[in-house]
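J.: Pasting the sequence and the predicted model now:
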Amino acid sequence: MDSASTLILAGALIIIMLGMGLSLVTADFRRIILYPKAIFIGLLNQLVLLPLIGFGVTFLFPMQPEIAIGVMILVACPGGPTSNLISFLSKADLALSVTLTALSSIITIFTIPFIVNFALNHFLEVEQLIELNVFETITQIFVIVVFPIAIGMLIRHAKPVFAERMSKPVRIASGIVLALIIIGIAVKERENFIPYFKQAGLATLVLNVCTMIIGYYSAKLFKIEKRQARSIAIESGIQNGTLAITIAVILLNSTSYAVAPAVYSLLMFLTGGVIIYWSNKKKS
């Protein structure tokens, strides 16, 4: 996306996060801190299993080295605000989702260079050290995710009746924004749609679906309740595609590396929509 689109999207997400904060209380976060098993399983899926699955996909599907590197850049990235939005709309554990997004975003500042440099060396046999701006990354997390949600929680604490009344309108508005994002991306990338999908469509779809399924059932294996298992599945499969594309284009100066993250970004909205529909249909 261009800078104007990115700013509009960021602004919309900030407003949505504020609205999400209206549905949270401090007890939600206190509960998951007191019972940290869900956080551990979520981070295990995000930081360990996801990169391993991504690496496996690069062998399972025939692909150019540049596409394989793009896949590895993608799986090195954390979840983003979109995962929080989909968790919110699918009635998953939003507090867990926000916590996992924040923690994985901070941890991957240090793991992304290792994974990306490994991919460059493995697939192209070149070494190119990359570094992320730690301060900038943490600031983005706070501005787009943590700060707006905190404001929403303060409003709920001060005006609980207002917060309760706004719950349904915020959910509807969030759903509309998600639909507009999907349409906007599809329209903007219409010329690249078919070529991109020919190169990376099936591989990234399998990666997306597998990581969410493994995320969900690994949580169930450890007897984590459904709403938290749903959050873990979403955090495992909804990646920060914008960050992946930024690493590819800005840090590594290669649009070829951005193909897999771009395709994945389109697909994850569609699979996210399926999760939202399924979750609301089940009403659990």
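T.: Perfect, I can see it now.

J.: residue contacts, Ile41?
T.: Contact partners of Ile41, counting by CB atoms under 8 Å, 6 or more residues apart in numbering, are 218-219, 222, 224, 232. All C-beta atoms are positioned from the backbone trio N, CA, C, and that covers glycine.

J.: which element follows the helix or strand harbouring Val170 toward the C-terminus?
T.: Under the criterion of DSSP states H and E, Val170 resides in helix 160-188. Moving toward the C-terminus from helix 160-188, the next helix or strand (DSSP H and E) is helix 193-221.

J.: In that next one, which residues are buried?
T.: For helix 193-221, a neighbour-count test (16 or more other CB atoms under 10 Å) marks 193, 196-197, 199-201, 203-205, 207-208, 210-212, 214-216, 218-220 as buried.

J.: which stretches of the stretch 51-200 of the chain form helices?
T.: With DSSP state H, counting those that start in this stretch as the criterion, the stretch 51-200 of the chain has helices at 65-76, 81-89, 94-124, 134-141, 147-158, 160-188, 193-221.

J.: Take those and write them to JSON lines, including distance to Ile247 and mean pLDDT.
T.: What follows is these, written out as JSON lines (distance: least, CB to CB, whole Å; pLDDT from 0 to 100):
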{"stretch": "helix 65-76", "distance to Ile247": "5", "mean pLDDT": "90"}
{"stretch": "helix 81-89", "distance to Ile247": "17", "mean pLDDT": "83"}
{"stretch": "helix 94-124", "distance to Ile247": "7", "mean pLDDT": "84"}
{"stretch": "helix 134-141", "distance to Ile247": "11", "mean pLDDT": "66"}
{"stretch": "helix 147-158", "distance to Ile247": "24", "mean pLDDT": "84"}
{"stretch": "helix 160-188", "distance to Ile247": "19", "mean pLDDT": "70"}
{"stretch": "helix 193-221", "distance to Ile247": "16", "mean pLDDT": "86"}
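
J.: Tell me which residue of the chain is furthest from the middle?
T.: Val161 (31.2 Å; CA atoms, centre = their mean).

J.: returning to what we had before: most widely separated two among the contacts of Ile41?
T.: Phe222 and Ile232 (9.8 Å; CB to CB).

J.: between the two, who's got more neighbours?
T.: Ile232 (34 against 14; other CB atoms under 10 Å).

J.: Give the burial count for Asn240, as a bare number.
T.: 25.
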